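**Student:** model the following, please.
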Amino acid sequence: MINPIVKTIDLGDGRTITLETGKLAKQADGSVVLRMNNTMMLATVTAAKDANPGVDFMPLQVEYKEKFSAFGRFPGGFMKREGRASDYEILTDRLIDRALRPLFPDDYHAEVFVNIILYSTDGEDMPDALTGLAASAALAVSTIPFNGPISEVRVGRVNGEFVVNPTFAQLKDADMDIMVGATIDNIMMVEGEMDEVSEAELLDAIKVAHEAIKVQCRAQIELMEEVGTTVKREYSHEVNDESLREDIKSKLYDKVYAVAKSGQGKKERSEAFSQIVEEYKAQFTEEELAEKEALIGKYYHDVEKEAMRRCILDEGIRLDGRKTTEIRPIWSEVDFITGPHGSAIFTRGETQALATVTLGTKLDEKIIDDVLNNEKERFLLHYNFPPFSTGEARPQRGVGRREIGHGNLAHRALKPMLPENYPYVIRIVSDILESNGSSSMATVCAGTLSLMDAGVQIKRPVSGIAMGLISENKGQNYAVLSDILGDEDHLGDMDFKVTGTEKGITATQMDIKVDGLSYEILENALAQAKQGREHILGKILETLSEPREDLKAHAPRIEVLIIPKEFIGAVIGPGGKIIQGIQEETGAVITIEEIDGFGRVEISSNSKPSIEAAKARIKGITAVPEIGEVYEGKISSVMPYGAFVEFLPGKDGLLHISEIDWKRLNTVEEAGLKEGDTIQVKLVDVDPKTGKFKLSRKALLDKPEGFIERPPRERQDRGGERQDRGDRPRQQSNGFKPRRPE
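**Tutor:** Okay, here's the model as predicted:
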């Protein structure tokens with residue numbers, strides 16, 4: 001007998017969310033089905049009973065998977081089966097992970113696997129905004145130790161109003177899109193993009209999100225009470241040696257503190273710390289060290305963390321000697337590489353990013369084939385973090401989740417500043433050559449410079465900064481750090497990245513590693529970040545104050561024509577014959593598509609004459625001949641009664657012998673005209689029955705003085721329709737009469 005337990009959450013806007021447990025996937029440690037309208041997902045969580053030997057961290061793995069059948073679609077590709085995770089799924093994994101990870105007990109080291117599968121969607125509600133709630137609910141109904149619950153919501157600002165968990169359609173009109181993760185008491189994670197909003201507006205959006213999250217967290221607590229999982233499982237994953245811990249602290253703390261406040265560089269500081277711990281290890285035999293080495297490393301890490309934090313909180317001294325608001329030295333350079341269409345190096349302290357820009361055509365668009373996103377992307381940003389950037393001697397194994405996440409943040413920071421309706425596809429590649437703190441923000445700065453170096457007319461330059469936090473007593477004593485080092489990120493309580501222009505914020509990402517972040521701290525961090533962003537922006541503008549006026553000489557040139565929809569077929573031609581012919585003749589690359597009832601024609605080439613020639617051909621095809629207009633055409637054939645002139649591409653008209661000149665001509669050749677000649681003609685008439693064009697050259701010539709024009713001779717009506725003699729060659733008489741067929 002199945003007796004599922006169901007909890008309903010009223011969102012207050014006519015929508016409800018239901019959480020159901022006890023019906024599906026009952027062998028998992030925790031299992032919840034979440035439904036909202038036609039969206040349905042299953043979240044499961046499992047955990048090992050014991051930690052693996054030597055593990056002293058939280059081995060959490062989060063996997064979000066969207067089934068194509070959820071939206072009634074087949075997967076693409078030959079296999080027709082879901083494969084590796086898409087970028088969108090990986091980014092959703094990261095959102096969930098970053099909210100959950102800090103809330104597992106510090107001494108809990110068993111492997112935990114969280115899986116969320118999207119089984120149904122209608123393309124209206126955004127499922128990623130529900131995954132954090134589903135994952136937390138699965139943990140809530142399990143006995144896995146977890147200091148939650150949490151939930152995540154998306155907040156969009158549409159027409160000046162905040163909307164919690166907006167639909168896809170609503171989000172298209174939003175100027176702010178953030179995802180917030182939190183417990184009932186504390187904000188844990190923020191990530192999103194916005195259109196140059198103020199710090200106060202961002203803070204208001206976070207507060208709106210938190211109020212909605214509180215309701216969802218209370219519902220999970222009620223569900224947990226009904227299921228009976230308020231008491232979590234017991235565990236013992238650590239074996240400690242308190243005497244060793246105290247010995248390390250008493251003997252090494254002062255030495256570590258002295259190095260922490262010495263202001264040395266990363267390499268020198270790291271070597272000094274290593275020497276301290278190696279000297280301590282030297283007192284042990286190999287057998288003793290084999291037993292104690294893991295604990296020594298753990299306790300020494302705690303000493304290093306405490307020394308660094310006390311330096312900052314008690315003396316205001318950071319590891320590299322800076323003040324809390326001080327930004328590291330910055331230098332940058334543009335046009336460093338000649339091959340790409342734009343390039344820049346941005347170096348801040350010991351973090352360095354090399355960014356390149358490549359401009360492409362419509363053929364270079366990225367095709368996205370996700371379950372709910374089947375579009376084309378015209379702005380790409382790829383971030384690479386090779387091991388040598390931190391001095392590590394190991395191979396680079398493809399693109400990881402970190403690269404995708406950091407690249408996405410920089411992409412969101414820069415995208416709002418790209419020019420609207422820009423004809424080029426843009427690809428930025430950021431290679432991190434050195435790293436000691438916030439390489440993603442270095443990517444934003446290098447990306448801005450490389451775009452301006454490429455001649456992309458961005459609206460405003462963007463800079464970015466990473467903020468840190470050292471706090472104690474639940475935020476009663478704290479210090480906000482500008483432009484954090486890698487060690488300050490690792491040993492600190494917050495990593496808060498903010499990007500923006502002189503007018504406002506364009507993107508943000510915040511991870512909190514402790515409980516107790518007040519809105520006062522958050523507000524101070526945002527204000528301090530603004531000062532830092534403005535300082536960095538000033539350094540960027542010293543290198544290049546505005547985008548270059550033109551593209552590099554070797555960059556492709558693109559021009560766009562908008563043509564009436566009915567001419568798309570004429571430009572393409574049967575089987576693509578016309579458009580292919582234009583490309584062969586001019587050397588330009590031409591693409592055409594229908595957008596909003598019009599044809600968008602994109603012409604690209606490295607040669608301006610090539611583009612102009614292709615434009616002329618296309619304009620000719622799409623032009624509507626107008627009586628009275630003058631055209632420059634080419635004589636395509638000469639007949640005894642006149643000449644046929646192609647006055648527009650694909651459009652021929654008859655220039656009758658009587659319309660060539662004011663004087664009487666016996667042959668066309670008397671006027672010096674021959675096939676292939678280019679002449680100016682005037683369109684004087686269009687036959688309403690046949691649509692044939694009648695041209696005149698005579699109308700463009702001055703009438704001779706005293707010229708008397710003969711009246712046209714009247715023709716007898718022979719009944720019925722009669723072919724104009726001018727439409728066929730006149731038969732020449734040579735005394736021979738053809739025999740009539742038998």
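**Student:** would you state the strands of the stretch 451-600 of the chain in chain order?
**Tutor:** In the stretch 451-600 of the chain, the segments counted as strands under DSSP state E, counting those that start in this stretch are 463-472, 477-482, 494-500, 505-512, 557-564, 589-595, 598-605.
**Student:** which of those sits closest to residue 77?
**Tutor:** Among these, strand 589-595 comes nearest to residue 77, with 23.7 Å by C-beta to C-beta. From N, CA and C alone the C-beta is placed, and that goes for glycine too.
**Student:** with just CA atoms, put that closest one into PDB.
**Tutor:** Taking Å, rounded to 0.1, in the frame of the first residue of the first chain, the C-alpha atoms of strand 589-595 are listed here in PDB:
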ATOM      1  CA  VAL A 589      29.600  35.000 -48.800                       C
ATOM      2  CA  ILE A 590      25.900  35.600 -48.700                       C
ATOM      3  CA  THR A 591      23.300  34.200 -46.300                       C
ATOM      4  CA  ILE A 592      19.600  34.900 -46.200                       C
ATOM      5  CA  GLU A 593      16.900  34.200 -43.700                       C
ATOM      6  CA  GLU A 594      13.300  35.300 -43.000                       C
ATOM      7  CA  ILE A 595      12.900  37.400 -39.800                       C
END
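**Student:** and the angle for that strand with strand 557-564?
**Tutor:** Put simply, strand 589-595 runs at 40 degrees to strand 557-564, going by axes from the mean of the first three to the mean of the last three C-alpha atoms, to 10 degrees.
**Student:** how about the strands of the stretch 451-600 of the chain in JSON lines, adding mean pLDDT?
**Tutor:** As requested, these are arranged in JSON lines below (pLDDT from 0 to 100):
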{"stretch": "strand 463-472", "mean pLDDT": "94"}
{"stretch": "strand 477-482", "mean pLDDT": "93"}
{"stretch": "strand 494-500", "mean pLDDT": "95"}
{"stretch": "strand 505-512", "mean pLDDT": "95"}
{"stretch": "strand 557-564", "mean pLDDT": "92"}
{"stretch": "strand 589-595", "mean pLDDT": "92"}
{"stretch": "strand 598-605", "mean pLDDT": "93"}
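**Student:** out of the ones you listed, flag the one nearest residue 35.
**Tutor:** Closest among these, using C-beta to C-beta: strand 505-512, at 29.5 Å.
**Student:** which helices and strands does that closest one pack with?
**Tutor:** Other elements packing on strand 505-512 under the criterion 3 or more C-beta pairs under 8 Å, 6 or more residues apart in numbering; DSSP states H and E are strand 187-197, helix 199-227, helix 401-414, strand 494-500.
**Student:** which of these is buried the deepest?
**Tutor:** strand 494-500 (a mean of 26; mean count of other C-beta atoms under 10 Å).
**Student:** and the angle from it to helix 199-227?
**Tutor:** If you take the same axes, to 10 degrees, strand 494-500 sits at 140 degrees to helix 199-227.
**Student:** now the helices for the stretch 551-700 of the chain?
**Tutor:** For the stretch 551-700 of the chain, applying DSSP state H, counting those that start in this stretch gives helices covering 568-572, 577-586, 608-622.
**Student:** so which of those gets nearest residue 60?
**Tutor:** Short answer: helix 568-572, nearest of those by C-beta to C-beta, at 52.7 Å.
**Student:** in that closest one, which residues are buried?
**Tutor:** For helix 568-572, burial by neighbour count (16 or more other C-beta atoms under 10 Å) applies to 568, 570-572.
**Student:** same thing with stretch 693-705?
**Tutor:** So stretch 693-705, judged by 16+ other C-beta under 10 Å, has buried residues 693-698.
**Student:** TSV for these, including pLDDT and distance to residue 527?
**Tutor:** Shown next, in TSV, are the buried residues of stretch 693-705 (pLDDT from 0 to 100; distance: C-beta to C-beta, whole Å):
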residue	pLDDT	distance to residue 527
693	91	71
694	93	76
695	94	73
696	93	75
697	92	76
698	88	79
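**Student:** I'd say residue 512 and residue 183 touch.
**Tutor:** No - using C-beta atoms under 8 Å, residue 512 makes no contact with residue 183, being 10.1 Å away.
**Student:** who's more crowded, those two?
**Tutor:** residue 512 (24 against 21; other C-beta atoms under 10 Å).
**Student:** show me the residue sitting in the middle of this protein in space.
**Tutor:** Nearest to the mean C-alpha position of the chain, by C-alpha atoms, centre = their mean, lies residue 411 at 4.6 Å.
**Student:** just checking, it touches residue 382?
**Tutor:** No - using C-beta under 8 Å, residue 411 is not in contact with residue 382, being 9.1 Å away.
**Student:** which residue packs closest to the residue nearest to the centre of the chain, ignoring adjacent ones?
**Tutor:** Computed as C-beta to C-beta, 6 or more residues apart in numbering, the closest residue to residue 411 that is not its neighbour in sequence is residue 381, at 4.1 Å.
**Student:** which secondary structure state does that neighbour sit in?
**Tutor:** strand (DSSP: H, G, I helix; E, B strand; the rest coil).
**Student:** pretty sure it contacts residue 407?
**Tutor:** Yes - contact between residue 381 and residue 407 holds when scored by C-beta under 8 Å: they sit 5.4 Å apart.
**Student:** between these two, what contacts are shared?
**Tutor:** Shared contacts of residue 381 and residue 407, defined by C-beta atoms under 8 Å, 6 or more residues apart in numbering, are found at 430, 443.
**Student:** what sits against the residue nearest to residue 411?
**Tutor:** 407, 410-411, 414, 427-430, 443, 447.
**Student:** rewinding a little: including pLDDT and distance to residue 249, could the buried residues of helix 568-572 go into JSON lines?
**Tutor:** Below are the buried residues of helix 568-572 laid out as JSON lines (pLDDT from 0 to 100; distance: C-beta to C-beta, whole Å):
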{"residue": "568", "pLDDT": "93", "distance to residue 249": "76"}
{"residue": "570", "pLDDT": "88", "distance to residue 249": "83"}
{"residue": "571", "pLDDT": "92", "distance to residue 249": "78"}
{"residue": "572", "pLDDT": "93", "distance to residue 249": "77"}
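**Student:** could you dump those into CSV with distance to residue 142 added?
**Tutor:** Putting the buried residues of helix 568-572 into CSV (distance: C-beta to C-beta, whole Å) gives the following:
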residue, distance to residue 142
568, 58
570, 65
571, 62
572, 59
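**Student:** sorry, back to before: between the helices of the stretch 551-700 of the chain, which gets nearest to residue 273?
**Tutor:** Per C-beta to C-beta, nearest to residue 273 of the helices of the stretch 551-700 of the chain: helix 608-622, 59.8 Å.
**Student:** if you count contacts, what does that closest one end up packed against?
**Tutor:** Applying 3+ C-beta pairs under 8 Å, 6+ apart, we find helix 608-622 packed against strand 557-564, helix 568-572, helix 577-586, strand 598-605.
**Student:** in TSV: those, plus distance to residue 188.
**Tutor:** Below are the helices and strands packed on helix 608-622 laid out as TSV (distance: least, C-beta to C-beta, whole Å):
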stretch	distance to residue 188
strand 557-564	45
helix 568-572	51
helix 577-586	54
strand 598-605	44
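**Student:** which of those sits closest to residue 217?
**Tutor:** strand 598-605 (48.2 Å).
**Student:** tell me what the closest one is packed against?
**Tutor:** Looks like strand 598-605 contacts strand 557-564, helix 568-572, strand 589-595, helix 608-622 (3+ C-beta pairs under 8 Å, 6+ apart).
**Student:** switch the cut-off to 6 Å
**Tutor:** strand 557-564, strand 589-595, helix 608-622 (3 or more C-beta pairs under 6 Å, 6 or more residues apart in numbering; DSSP states H and E).
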